[in-house]
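A.B. asks: After the sequence you'll find the predicted model.
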Amino acid sequence: MKVMVLVKANADSEAGNMPSEEILTEMGAFNEKLSQAGVMLAGEGLHPTSKGKRVACEGQKRIVTDGPFAETKELLAGFWMWQVESMEEALDWAKQSPFQEGELELRPVFEAEDFGDEFTPELREQEEALAARNSLRSATVQPYLFFGGTCEEALEFYKQAVGATVDCLMRFSECPDPFPEGMLQEGFENKVMHAQFRVGQMSLMGSDGCNDTAPFSGFRLALSVATQADAERTFNALAKGGQVDMPLEKTFFSPCYGQLTDQFGVGWMVMVPGEPG
């Protein structure tokens, strides 16, 4: 279940007084603990209400009121969104917060099943489609270049020509998983299996591929998404009318990874990023 934790304002937060370094350090450690436990989905502090506005709705009429607002104890200074098993678990976490004063309010978030028969299949489908679109807004797309055996030479060239910097480089011989027999061309063991490099503000990825039978002629787009469900939904959508080059599966670098060529001939790698080593 999702629980929103509302952090109530106090005189200091409404005055715009920033918390001390000690409190910020403790809050950072608490947020890190929440994140590592898979509990924290989001969390932010809010400016005082002197910087806010309220919009009152009266039929078609909208009335805007500038802050600050009265009744400090009813105002908010921040929030978290937590994913927990129960309200009891949420309470356990709330009790561990580093706040020395003030109040936290815990509110369960409505789930689809809470709406009963009023939440029709059509409305459910609309909600799921909206959630899918919102989820993909955090996705990233990077060009993935294949050099057919000359990746290392290309990286050295780009370093000199455009000041490229190489963030990581892994050779086929360093791969922890064995390759299917015949997949890797003989003599390619020390070639580049994967590299990540930057040119200016752009991050790119590259590889020698598994052989040198064809010259460099194109690229794939590497699409990274947050969850396996996002990967499956996006992979299937992109593959419609195209072809699956490698079905989604677990690899040593990703819990869900696959390759496809879409109906327009663009190659894609769809993946959920693995945990950093």
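C.D. replies: All right, it came through fine.
A.B. asks: Kindly provide the distance from the residue nearest the centre of the chain to Gln83.
C.D. replies: Residue closest to the mean C-alpha point of the chain, counted by CA atoms, centre = their mean, is Ala226 at 4.5 Å. Separation of Ala226 from Gln83 (CB to CB, to the nearest Å): 13 Å. The C-beta positions use only the backbone N, C-alpha and C, and glycine is treated the same way.
A.B. asks: now swap in Ser13 and tell me
C.D. replies: Separation of Ser13 from Gln83 (CB to CB) stands at 26 Å.
A.B. asks: Asn69: what's its closest spatial neighbour, skipping adjacent residues?
C.D. replies: To be clear, residue 69 is Phe; Asn isn't right here. Counting by CB to CB, 6 or more residues apart in numbering, the nearest residue to Phe69 once its immediate chain neighbours are dropped is Thr49, at 4.5 Å.
A.B. asks: Neighbours of the one you found, how many?
C.D. replies: The burial metric for Thr49, expressed as a neighbour count using other CB atoms under 10 Å, is 20.
A.B. asks: now swap in Glu181 and tell me
C.D. replies: Residues lying near Glu181 (other CB under 10 Å) number 6.
A.B. asks: Glu111 against Gln83, yeah?
C.D. replies: No - with contacts counted by CB atoms under 8 Å, Glu111 stays clear of Gln83, the gap being 11.7 Å.
A.B. asks: more neighbours, those two?
C.D. replies: Set Glu111 next to Gln83 and count neighbours by other CB under 10 Å: Gln83 wins out with 16 against 10.
A.B. asks: Ala154 sits in which helix or strand?
C.D. replies: Counting by DSSP states H and E, the element that carries Ala154 is helix 151-162.
A.B. asks: okay, the helix or strand that that helix is followed by in CSV with CA atoms only?
C.D. replies: On the C-terminal side of helix 151-162, the closest following helix or strand by DSSP H and E is strand 165-171. This file holds the C-alpha atoms of strand 165-171, laid out as CSV (Å, rounded to 0.1, in the frame of the first residue of the first chain):
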residue,chain,number,x,y,z
THR,A,165,35.9,10.8,-21.7
VAL,A,166,35.4,7.1,-21.1
ASP,A,167,33.4,6.3,-17.9
CYS,A,168,33.6,2.5,-18.1
LEU,A,169,34.9,-0.2,-20.5
MET,A,170,34.4,-4.0,-20.2
ARG,A,171,35.9,-6.6,-22.5
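A.B. asks: Which strands and helices lie in contact with strand 165-171?
C.D. replies: Secondary-structure packing of strand 165-171 (3 or more CB pairs under 8 Å, 6 or more residues apart in numbering; DSSP states H and E): helix 151-162, strand 192-199.
A.B. asks: in the helix or strand of the chain with the lowest mean pLDDT, what's buried?
C.D. replies: The element with the least model confidence among the helices and strands of the chain, by mean pLDDT, DSSP states H and E, is helix 121-136, at a mean of 80. Neighbour-count burial for helix 121-136 flags Ser135 (criterion: 16 or more other CB atoms under 10 Å).
A.B. asks: Sweet, I'm off.
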